[in-house]
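Novice: the amino acid sequence is not available; the structure is as follows:
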């Protein structure tokens, strides 16, 4: 698996591919790749002649009390995972390569970033939009792949790409889960055996909310209550948020109608996990 | 002269040119083109196979009490000016084409935008960076041309292009002046005969500051004083600012050393005019 560390090197690859008339897909990641990431890479390999996977733990999307230092890193593991999924190139820059000199410019977007994770992680989405915009400008892909696991991130990236006319197609991919239902996440590695069991409460509670909607429930607050009540049955779980929002603008809705995101964030011990589902109610 | 109004049309032109292996230059303007703009277009024509001139009075870079409505517009005049200078295509979108749906995303940069015009026009540079970033994403030019007349704008665009890795070369072009020294500006059209005469005080005062530096003056405050004193001899002039800053980061300097920008903004009647010079002191 080819790994490049500099912006110039990845650009050289892409320029050569372009000259050969090849299309390019980009899968932006923070590494420690799991089957969720691999499903993004496979989708890109299916839709493009070449696939670049960026592996970069982006410091500017972490708040001062967040897990930047602890975030798991393992390039050998990532090389194997990209190889296995059919990717062509890993872009693995150091922070100094991405944030040279006196870095002072940002891409930011309001509305979709106000609630959910945006409410408790004030600089997070500015950091995400900025690094994703930089990666788009560096790689200039035809398509870029993002998991629905980070549904607010997906809605936010779609918004700034539309507003700022980035010439890239955003391809969303479904959540990949463990056999028992836990959404795959690099942060699952933080969980001890007991916490790993307790973490099941997230997907189980969402399932209850989803059934209610499928059975005709349209009142957002009642769906929130069902999910909260169920989460509260797990003593190791501490709820950060349970929200029902319009998937396009990530604003609260009272009535479930159209594309609606039901999203939760829950601490299991010290580990903050997120999960969600999207329904499209006609 | 070909004029297109939609993003799709300008992209279609550029895609066709790219397929034919042609390079593309972009000259972003707010229209009402004068010889200053034409010098940018000529430079682009010299360096690129095709030149796009955008003509767009960008609403989001005007503050609530500024001259958005009054800003002069004349597409026929602009078509002639672009034709004469050898440009290939005018992109002249309506605001609704550039800011569709619920627009919520911005490109912003600190440091270079804090002083000078940024200090008195709080949303101005966020609007400039956002529209210029959008134009880069729409046209995807090899090179883009900006006048040194708007020196802070030039430094700001360079900064965000570097920070966000936009794949475009920024080409600065010198100030173009009337025979009597007044820097060309679309806003000169606001001046009546008396004001037009009074406006000469800008370039005359800068000249005095520049001579002092050429004669060995290195104290920024003394250069500011020379310029202020001279501006104050004109009863119709009201000083907005006189500043001596590092041209790279647009921060005040005490000693003139390296690439230094001496910039002024002065009201003549109700019209706010800017002018500047750059020295490179070894």
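Specialist: Happy to help now that I have it. These numbers come from a predicted model, not from an experiment.
Novice: which bits of the stretch 151-282 of chain A sit near chain B?
Specialist: Within the stretch 151-282 of chain A, the positions adjacent to chain B are A:159, A:160, A:162, A:163, A:164, A:165, A:166, A:167, A:249 by Cβ under 8 Å from any Cβ of the partner chain. For glycine as for every other residue, the C-beta is placed from the backbone atoms N, C-alpha and C.
Novice: count the neighbours of the fourth one for me.
Specialist: So the one you mean is residue A:163. When neighbours are counted by other Cβ atoms under 10 Å in any protein chain shown, residue A:163 registers 23.
Novice: helices of the stretch 51-200 of chain A, start to end?
Specialist: A:75-85, A:95-98, A:116-120, A:124-139, A:151-163, A:193-198, A:200-214 (DSSP state H, counting those that start in this stretch).
Novice: name the residues of the last one that are buried.
Specialist: Translated: helix A:200-214. For helix A:200-214, the neighbour count (16 or more other Cβ atoms under 10 Å in any protein chain shown) marks A:200, A:201, A:202, A:203, A:204, A:205, A:206, A:209, A:210, A:212, A:213 as buried.
Novice: looking from chain B, tell me which residue of the stretch 151-282 of chain A is nearest.
Specialist: Minimum separation of the stretch 151-282 of chain A from chain B (Cβ to the nearest Cβ) falls at residue A:163, amounting to 3.5 Å.
Novice: correct me if wrong: that residue contacts residue A:109.
Specialist: Yes: contact criterion Cβ atoms under 8 Å: residue A:163 and residue A:109 qualify, at 6.8 Å.
Novice: ok, back up a step: pipe the buried residues of helix A:200-214 into TSV and attach pLDDT per row.
Specialist: TSV is the format used below for the buried residues of helix A:200-214 (pLDDT from 0 to 100):
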residue	pLDDT
A:200	98
A:201	98
A:202	98
A:203	98
A:204	98
A:205	98
A:206	98
A:209	98
A:210	98
A:212	98
A:213	98
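Novice: show me the two of the residues you listed that sit farthest apart.
Specialist: Using Cβ to Cβ, the buried residues of helix A:200-214 span at most 20.7 Å, a distance reached by A:200 and A:213.
Novice: residue A:269 is nearest to which of the helices of the stretch 51-200 of chain A?
Specialist: Taking Cβ to Cβ, helix A:193-198 is the member of the helices of the stretch 51-200 of chain A nearest to residue A:269, at 4.8 Å.
Novice: neighbouring contacts of the closest one?
Specialist: Helix A:193-198 is contacted from outside by A:182, A:188, A:234, A:235, A:236, A:237, A:268, A:269, A:271, using Cβ atoms under 8 Å, 6 or more residues apart in numbering or on different chains.
Novice: which residue comes closest to residue A:170 once chain neighbours are left out?
Specialist: Leaving aside its chain neighbours, residue A:170 sits nearest to residue A:158 (5.3 Å; criterion: Cβ to Cβ, 6 or more residues apart in numbering or on different chains).
Novice: so that neighbour versus residue A:242, what's the distance?
Specialist: Counting by Cβ to Cβ, to the nearest Å, the gap between residue A:158 and residue A:242 amounts to 23 Å.
Novice: between the two, which one's more packed in?
Specialist: residue A:242 (22 against 17).
Novice: SS state for that one?
Specialist: Following DSSP: H, G, I helix; E, B strand; the rest coil, the label given to residue A:242 is strand.
Novice: what residues are up against it?
Specialist: A:224, A:227, A:228, A:231, A:263, A:264.
Novice: swap in 10 Å and give it another go.
Specialist: Listed by Cβ atoms under 10 Å, 6 or more residues apart in numbering or on different chains, the contact partners of residue A:242 are A:116, A:205-206, A:209, A:223-228, A:230-231, A:262-266.
Novice: same question for residue A:21.
Specialist: Contact analysis of residue A:21 by Cβ under 10 Å, 6+ apart lists residue A:49.
Novice: so it: helix, strand or coil?
Specialist: Under three-state DSSP, residue A:21 falls in the coil class.
Novice: ditto for residue A:33
Specialist: Recorded secondary structure, residue A:33: coil (three-state DSSP).
Novice: skipping adjacent residues, who's closest to it in space?
Specialist: Nearest one to residue A:33, counting by Cβ to Cβ, 6+ apart, is residue A:81 at 3.9 Å.
Novice: tell me the spacing between residue A:10 and residue B:225.
Specialist: As for residue A:10, its distance to residue B:225 is 51 Å (criterion: Cβ to Cβ).
Novice: re earlier: how about JSON lines for the residues of the stretch 151-282 of chain A next to chain B, with pLDDT and distance to residue A:139 added?
Specialist: Compiled in JSON lines, those are given as follows (pLDDT from 0 to 100; distance: Cβ to Cβ, whole Å):
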{"residue": "A:159", "pLDDT": "98", "distance to residue A:139": "20"}
{"residue": "A:160", "pLDDT": "98", "distance to residue A:139": "17"}
{"residue": "A:162", "pLDDT": "98", "distance to residue A:139": "19"}
{"residue": "A:163", "pLDDT": "98", "distance to residue A:139": "20"}
{"residue": "A:164", "pLDDT": "98", "distance to residue A:139": "16"}
{"residue": "A:165", "pLDDT": "98", "distance to residue A:139": "17"}
{"residue": "A:166", "pLDDT": "98", "distance to residue A:139": "12"}
{"residue": "A:167", "pLDDT": "98", "distance to residue A:139": "12"}
{"residue": "A:249", "pLDDT": "97", "distance to residue A:139": "28"}
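Novice: not counting sequence-adjacent ones, nearest residue to the residue of the stretch 151-282 of chain A closest to chain B?
Specialist: In space, residue A:163 comes closest to residue B:105 once its chain neighbours are excluded; the distance is 3.5 Å by Cβ to Cβ, 6+ apart.
Novice: mind checking how far the one you found is from residue B:225?
Specialist: Using Cβ to Cβ, residue B:105 is found at 43 Å from residue B:225.
Novice: rank the helices of the stretch 51-200 of chain A by pLDDT, which is bottom?
Specialist: Mean pLDDT per stretch puts helix A:116-120 lowest among the helices of the stretch 51-200 of chain A, at a mean of 93.
Novice: and that helix, which residues are buried?
Specialist: Within helix A:116-120, judged by 16+ other Cβ under 10 Å, the buried ones are A:116, A:117, A:118.
Novice: repeat that for stretch A:214-225.
Specialist: Buried residues in stretch A:214-225, counting neighbours by 16+ other Cβ under 10 Å, are found at A:220, A:223, A:224.
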